[in-house]
Each structure stands twice: as structure tokens, then as C-alpha cells.
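A.B. asks: Generate a structure from the sequence data that follows.
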Amino acid sequence: MKTLLLTEGEVKRLLSMDEVIKVVESAFREKGLGRVQMPAKIYLFYKKYNGDLRAMPSYLENLNISAVKIVNVHPDNRVKYGLPTVMATIVLIDPKNGAPISIMGGTTITAMRTGAAGGVAAKYLARKDSKVVGLVGAGTQARTQLTALLSLYESLEEVRVYDIDRSASESYVSEMGDTYKGRIKNIFSVDGVKDAVKEADIVVTTTPSRKPLVMDEWISEGVHINCIGADAPGKEELDPAILKRAKIVIDDWEQASHSGEINVPLSKGLITKQDIWAEIGEIVAGLKPGRVSPDEITLFTSTGLAIQDAVTAHLAYKKALEKGIGKLIEFILP
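C.D. replies: Here you go, the predicted structure:
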């Protein structure tokens, strides 16, 4: 048996957001129906380097897909080392014998499956007539989140972007404006978080903040919020008062309670488990409704699930075999 090696560049050429959204939605459905094994991600904290490493195994039983991802988050990487903040490697496993059928770069997969999760959440929780998007953060996730929203909506009237680094938001506007010319009527950078989120239909937060950035008084009825940045203990991007007003949807209780947008308000007793409406998988599986009113505030907190990586890696693997991409090696001795 041979193992297929796929570089980051090869993976990037193989995947489209439309396809990734479909497989991530299927993964959420499988979780909602209780047909996955997925221990909560485990962490190593490199405190003196301002970074961490996570290990994420999973098995989707009905789809017969299994994988393990290791992924880091080092916010200083760009400046200090010229490396991405997030880097990942995925090992795709054959469940019938435990053999590694593929080893591939997982950085693109991490970015795309996280963007896809935001797209799936918006499909079930945002208003169908949403036209104005406010982005807090202008990094990689801001790019894949917008790409996913444009897979969902044919066009957007307005996209506003705030980043603590003005040059980052201006670069984002230039790049995404060119990429989606004709599909976004107006895209521009703003001077503050309030300017990005006030009266937006969809708000997306993608920062590593450990203090609230989006204030309650800026959030009006009917908005949907995708909280992407809070993915480790102590991180939060929203004023906890927003959570008290919102229909809260999480990806996984164990992970979200320790590392998602709800982790700090939970630890302070500002909200309880009873304030959580559903896991996104329950909504995708039809077990609970998503948005039921144009006036309700909906909120999805994404911590990133190993099953998202597994199905996206499997998609890349299948397409690579079909297209003859990658290198097969004798990785396992008989």
C-alpha cells in the first residue's frame, strides 16, 4: 500500500469553496445525528513564544472517513519568521486497517473549512436578504469567510472591513475587490469596529482578541454574527451582553465551552449552558430550527472541528487521485 503525499500548493489547486461547504455541511449533519467520534482537541501551550499546538483526531462512521490534524497558532509568525500564523498537517487514515492513505498540507484546508463553517452557519442563521457584511479582522479567515458568503449570496451591496493594522484592511479591500469585481457593489476599509458592524446584516469577527471588540449597543435586531477568532481559552471578541440577546449556536459543546466565544462569559457566570440554543449539526440535521424570525439576533461560535478537516482532506485526496496529482510513496513497511 502506498501513501499519497500532497503539498500545500497541490491541495490549494484541488479545492473550491463550493465543494468544501458541501462536505463541511455533511460533516455537521453527521455530528448532529451522533455518527462521529471526535475527542475535543488537545493543546500544548508555548507561552514564551506566544503560540500553541493542537491535535485533532476524528472518525465519521457512516462516511468511513478518518483523519488526524496537528495545527499551530502563532500570531507573531508573520513578523518574526515570515511564516503563516496558522500551519497544519493532516494524516488521512484508512479506518479498516489504520494505514495512512495520505499525508497532506493542512493550512489551506484549515482556512477553507473554517470559512465553509461560516458559510453553513449563514445559510441556516442569517437572513436570506442579507446584503451588508461587516468584517472585524482582515487576515486569512476574513478572506475565506467572505468567499464562503459569496458562495451563498449571489452578490453583496456592501462589505466593510476593520483591522488594527490599516494597511492590512486596505490590502484586503484591494485584493477582494478585484477578486469579486461585479459581485460586491462597494467594499471599503473603516476606522473602527463600530463603523464595520453597525447596521450590518452579517458580522464576522476573525481576530485573536482577549477582550471584547464588538459592543452590544452597536448590534441591531436581525443581524447574524459569525464568531471565528475565539478558538482558545481566554479569547473573546464580543461584549457578553450580545450573547444574552442572541440565539447562540455552537459547533461543539465541549470545545466551545472551553475555547469558543462563550468560554469567558461561561467562566464568569454571565451565561449558562441553558443559554445555548443548539449545535450547528442539530440544525443542519433538522433536529432544531435555525433562524425563525427576521428580527432575532443569531450567533455562531466556531472553534473548528476535526470532522471538518477530515471531510475536506478526503475531498482533496479523492480529487488528487482522479487528477493524478501528488506523489505516492512506500511509507509503510509490510
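
A.B. asks: Report the central residue of the chain.
C.D. replies: Central residue check for the chain by C-alpha atoms, centre = their mean: the C-alpha nearest the mean position is that of Thr114, 2.2 Å away.

A.B. asks: now it, what's its secondary structure?
C.D. replies: Under the three-state scheme (DSSP: H, G, I helix; E, B strand; the rest coil), Thr114 adopts helix.

A.B. asks: hang on, isn't it packed against Ala142?
C.D. replies: No: distance between Thr114 and Ala142: 11.0 Å, which falls outside the contact criterion (C-beta atoms under 8 Å). Every residue, glycine included, has its C-beta placed from N, CA and C.

A.B. asks: ok, what's across the strand from the residue lying closest to Leu125 once chain neighbours are set aside?
C.D. replies: Taking C-beta to C-beta, 6 or more residues apart in numbering, and ignoring the residues beside it in sequence, Leu125 has Thr298 as its nearest neighbour in space, at 4.0 Å. On the basis of DSSP bridges, Thr298 is bridged to His224, Lys247.

A.B. asks: how near is Thr298 to Gly34?
C.D. replies: With the distance defined as C-beta to C-beta, to the nearest Å, Thr298 ends up 24 Å from Gly34.

A.B. asks: again with Arg127
C.D. replies: Taking C-beta to C-beta, one finds Arg127 at 30 Å from Gly34.

A.B. asks: Between the two, which is the more surrounded one?
C.D. replies: Neighbours were counted for Arg127 and for Gly34 using other C-beta atoms under 10 Å; Arg127 has more, 18 against 9.

A.B. asks: so who does that one touch?
C.D. replies: Taking C-beta atoms under 8 Å, 6 or more residues apart in numbering, we find Arg127 in contact with 201, 222, 224, 291, 294.

A.B. asks: which one of these is nearest Ile262?
C.D. replies: Comparing those against Ile262 with C-beta to C-beta picks out His224 as the nearest, at 16.4 Å.

A.B. asks: my guess is that closest one meets Pro294, correct?
C.D. replies: No: here His224 does not reach Pro294: they are 10.9 Å apart, not a contact under C-beta under 8 Å.

A.B. asks: Compare these two (neighbour count), which wins?
C.D. replies: In this view His224 and Pro294 are compared by other C-beta under 10 Å, and His224 has more residues nearby, 28 against 10.

A.B. asks: Can you check the pLDDT for the more buried one?
C.D. replies: As summarised for this prediction, His224 has a pLDDT of 98.

A.B. asks: Distance of it relative to Gly119?
C.D. replies: Using C-beta to C-beta, we find His224 at a distance of 12 Å from Gly119.

A.B. asks: do the same with Lys185
C.D. replies: Taking C-beta to C-beta as the measure, Lys185 and Gly119 are separated by 20 Å.

A.B. asks: Tell me which of these two has more neighbours.
C.D. replies: When Lys185 and Gly119 are compared on other C-beta under 10 Å, the one with more neighbours turns out to be Gly119, at 27 against 11.

A.B. asks: Flag every buried residue along the helix or strand the more buried one falls within.
C.D. replies: With secondary structure defined by DSSP states H and E, Gly119 is part of helix 107-125. Within helix 107-125, the residues that count as buried by 16 or more other C-beta atoms under 10 Å are 107-125.
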